[in-house]
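Trainee: no FASTA, just this:
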DNA sequence: CTGAAAGCGCTTACAG
DNA sequence: CTGAAAGCGCTTACAG
């Protein structure tokens, strides 16, 4: 029934063959302590011969640390998190850490992660990207270091941008593209159970709306899903040749869909519409989308620093706010 | 320096408080054996009170199985693998299994996975999607059940489609769209170290080229990366209003980029070009792309079956070939 | 520099 | 139905 692990050599096998104690084998494997060059070599040779590899469970159990860390993301299949993942992994592996991703793409994943027996509770630390921690763990988050990426909660370390300001800047950009017949649109994202929605989009929305208000304008507000299809379908609804549309899409993914529709139907920037978005994913450049760039790599780097600063004994809660950059292109 | 786990209650703590042996606690936690309803309840209550959760490392070490499985994918940030991930997770969690993703987005990840000490070697089984197993593990794959998804190797269980046939069908479709001034293009993907490239694209390419040849045609062949940007940039190079272009893009992701360029520059299907692709990602529908649908969900389901069939004692190697479906849309 | 021994937190025969 | 004990494969003081 169950898989046979007996075929794998253990530290004992290595020790016996090398004529040393298991402690010595352990030492050379962890290249710790002082082991004579001679026995070190011999042990390594045997390790090689036997194809030995340490059992991580035993190691973690014994040493009380797993050298692994969790990354919770809303979804796989999204370049944003691929970017964050890569950047984090790069930093973490410098320190010998492994990272395990927990995508929360559906309710199933969410339920799993809430169970105390879940894998996530066995890792040394938890990075959470773009998600509201309350939503995930209710009032009962894992009892280990938590670092928030692209979201904010004063109770935890975080690296994020000023999303209110993002909204403000988006408004300013569009305001300056304004014509007599301009209509303003805010295309944003809101989760179903919105009591738990991450404040990221909320803040972008507020910054945008309040800035427009100050200028005597009021946008049409539409909520949709974070993907191309939604953007495309939405564009069909709002596109109009009679009016000049000024659109703030709070995520590139949605904007790509909108743009695809506009392109397909020959709506031209400045003429029929102007649009600004957030993220600056690779495709933005190619398609000529004006957007506000998020410093994802830097976020990952800072988040890692935060984590290791904690590991090294620093218990203060730190919130790091990173700068964004307006990237003006055709739209 | 290291995290203090002493704060976590252990099975001993529970046992003591409940006035039972640890074996009993273990039994109720695994809802195995017969435990009297009375003590079961008491133990569960204490578990709750203490906020106890079992240590997975200890459990795995002791029971010799981790109830976890690996999924190796070429990349996160790609809807294809998000789909496969979700489908697999759904199936696996029915059986109480956890899945850990290993995206191989860069050389770093690849190196890690090759080390015998890596996490992947601690899981009970390995699913590999769209990748060539030789490339990843050289001649030294993990010594546990391996199931290939969307690729083929006679030495391992696999679920895949007939990629040669995919190429044939793409050719047939385009051939029937042919005009006097038609130019054929094959836009495909090839890895740098091509001795290890998965045969998926190779087969699509061959099926396409050979079918055209039979009809006295020869396509222009261009290799590029698997993403939108590449497709977009490529389109710039090959687009021409003077000729009618017949394009087989071997992946939707690339086709999206091409399509975006065509739309932006007012090239119309049937008129200026026709295009067929592979995958049928959600965006294909919305943008009107003709494509050959891959049955990703079914693949995941079959792959899970293969795995559990092995767990239940069936040691035969099985290769399952799934049907694809031509989805004709505007292009 | 090295080994014997205790211990990490579980599961699982074994005996009752 | 239940408990004491062995054992999973490591690491880490401790003693030499």
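Mentor: On my side now, so go ahead. Computed from a predicted structure; not experimentally measured.

Trainee: Skip the chain neighbours and tell me the closest residue to residue A:71.
Mentor: Leaving aside its sequence neighbours, residue A:71 sits nearest to residue A:127 (Cβ to Cβ, 6 or more residues apart in numbering or on different chains; 4.7 Å). For glycine as for every other residue, the C-beta is placed from the backbone atoms N, C-alpha and C.

Trainee: The lowest-mean-pLDDT helix or strand in chain A packs against which elements?
Mentor: None of the helices or strands of chain A scores lower by mean pLDDT, DSSP states H and E than helix A:133-137, at a mean of 80. With contacts taken as 3 or more Cβ pairs under 8 Å, 6 or more residues apart in numbering or on different chains; DSSP states H and E, helix A:133-137 sits against helix A:107-114.

Trainee: The helix or strand following the helix it packs on to helix A:107-114, inter-axis angle?
Mentor: Beyond helix A:107-114 in the direction of the C-terminus, DSSP states H and E gives the next helix or strand as strand A:125-129. If you take axes from the mean of the first three to the mean of the last three Cα atoms, to 10 degrees, strand A:125-129 sits at 150 degrees to helix A:107-114.

Trainee: could you say what helices and strands strand A:125-129 packs with?
Mentor: Packing partners of strand A:125-129 (3+ Cβ pairs under 8 Å, 6+ apart): strand A:68-73, helix A:79-94, strand A:145-149, helix A:296-311.

Trainee: before we move on, the earlier item: what's near enough to touch the residue nearest to residue A:71?
Mentor: Applying Cβ atoms under 8 Å, 6 or more residues apart in numbering or on different chains, one finds that residue A:127 lies in contact with A:69-72, A:88, A:99, A:146-149, A:303, A:307.

Trainee: just how off-centre is the least confident helix or strand of chain A within its chain?
Mentor: Centroid separation between helix A:133-137 and its chain, computed with Cα atoms, centre = their mean, to the nearest Å, is 15 Å.

Trainee: do stretch A:180-189 as well
Mentor: Distance, centroid of stretch A:180-189 to centroid of chain: 28 Å (Cα atoms, centre = their mean).

Trainee: do it and chain B meet?
Mentor: No. Contact between stretch A:180-189 and chain B is absent, the nearest approach being 15.8 Å (criterion: Cβ under 8 Å from any Cβ of the partner chain).

Trainee: how about stretch A:152-161: buried residues?
Mentor: Within stretch A:152-161, the residues scored as buried using 16 or more other Cβ atoms under 10 Å in any protein chain shown are A:152-153, A:156-161.

Trainee: Narrow those to those in strands?
Mentor: A:157-161 (DSSP state E).

Trainee: before we move on, the earlier item: and the helices and strands packed on strand A:125-129: which comes nearest residue B:59?
Mentor: Across the helices and strands packed on strand A:125-129, residue B:59 has its closest neighbour in strand A:68-73 (16.1 Å, Cβ to Cβ).

Trainee: Save the ones in strands among the buried residues of stretch A:152-161 as JSON lines, and put in distance to residue B:8 and pLDDT too.
Mentor: Listed next are those as JSON lines, based on distance: Cβ to Cβ, whole Å; pLDDT from 0 to 100:
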{"residue": "A:157", "distance to residue B:8": "21", "pLDDT": "95"}
{"residue": "A:158", "distance to residue B:8": "25", "pLDDT": "95"}
{"residue": "A:159", "distance to residue B:8": "28", "pLDDT": "96"}
{"residue": "A:160", "distance to residue B:8": "30", "pLDDT": "94"}
{"residue": "A:161", "distance to residue B:8": "35", "pLDDT": "95"}
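
Trainee: Mind putting these into JSON lines with distance to residue B:42?
Mentor: Compiled in JSON lines, those are given as follows (distance: Cβ to Cβ, whole Å):
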{"residue": "A:157", "distance to residue B:42": "39"}
{"residue": "A:158", "distance to residue B:42": "41"}
{"residue": "A:159", "distance to residue B:42": "45"}
{"residue": "A:160", "distance to residue B:42": "46"}
{"residue": "A:161", "distance to residue B:42": "51"}
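
Trainee: circling back: among the buried residues of stretch A:152-161, which ones lie close to DNA strand D?
Mentor: With the criterion set as Cβ under 7 Å from any atom of the strand, no member of the buried residues of stretch A:152-161 is near DNA strand D.

Trainee: Export those as CSV, with columns for distance to residue A:23.
Mentor: Below are those laid out as CSV (distance: Cβ to Cβ, whole Å):
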residue, distance to residue A:23
A:152, 47
A:153, 44
A:156, 39
A:157, 37
A:158, 42
A:159, 41
A:160, 46
A:161, 50
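
Trainee: out of those residues, which one sits closest to residue B:288?
Mentor: The nearest one, if we look at the buried residues of stretch A:152-161 relative to residue B:288 and count by Cβ to Cβ, is residue A:161, at 35.8 Å.

Trainee: Could you measure from the closest one over to residue B:256?
Mentor: In this view, residue A:161 and residue B:256 are 28 Å apart by Cβ to Cβ, to the nearest Å.

Trainee: So for residue A:219, what's the nearest residue that isn't a sequence neighbour?
Mentor: In space, and not counting its chain neighbours, residue A:219 is closest to residue A:184: 3.8 Å by Cβ to Cβ, 6+ apart.

Trainee: cool, residue A:203 as well?
Mentor: Setting aside the residues directly before and after it, residue A:203 is nearest to residue A:163 in space (Cβ to Cβ, 6+ apart), at 3.7 Å.

Trainee: picking up where we left off before, I only care about the contacts of residue A:127 that end up buried; give me the ChimeraX line for that.
Mentor: Of the contacts of residue A:127, the buried ones can be selected in ChimeraX as follows, counting by 16+ other Cβ under 10 Å:
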select /A:69,70,71,72,88,99,146,147,148,149,303,307
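
Trainee: Between all of the contacts of residue A:127, which two are separated the most?
Mentor: A:99 and A:148 (15.8 Å).

Trainee: Tell me if I am right that residue A:247 is in a strand.
Mentor: Yes. Read with DSSP: H, G, I helix; E, B strand; the rest coil, residue A:247 is one of the residues of a strand.

Trainee: so it bridges to which residues?
Mentor: Beta-bridge partners for residue A:247, by DSSP bridges, are residue A:185, residue A:275.

Trainee: you'd agree it is up against residue A:273?
Mentor: Yes. Using Cβ atoms under 8 Å as the test, residue A:247 is close enough to residue A:273 to be in contact (6.3 Å).

Trainee: what about these two, which has more around it?
Mentor: Higher neighbour count among residue A:247 and residue A:273: residue A:247, with 29 against 26, using other Cβ atoms under 10 Å in any protein chain shown.

Trainee: Can you tell me the element residue A:326 falls in?
Mentor: Per DSSP H and E: residue A:326 is located in strand A:325-327.

Trainee: ok, residues contacting stretch A:320-329?
Mentor: A:158-162, A:165-166, A:169, A:173, A:280, A:284-285, A:288-295, A:298-299, A:302, A:306.
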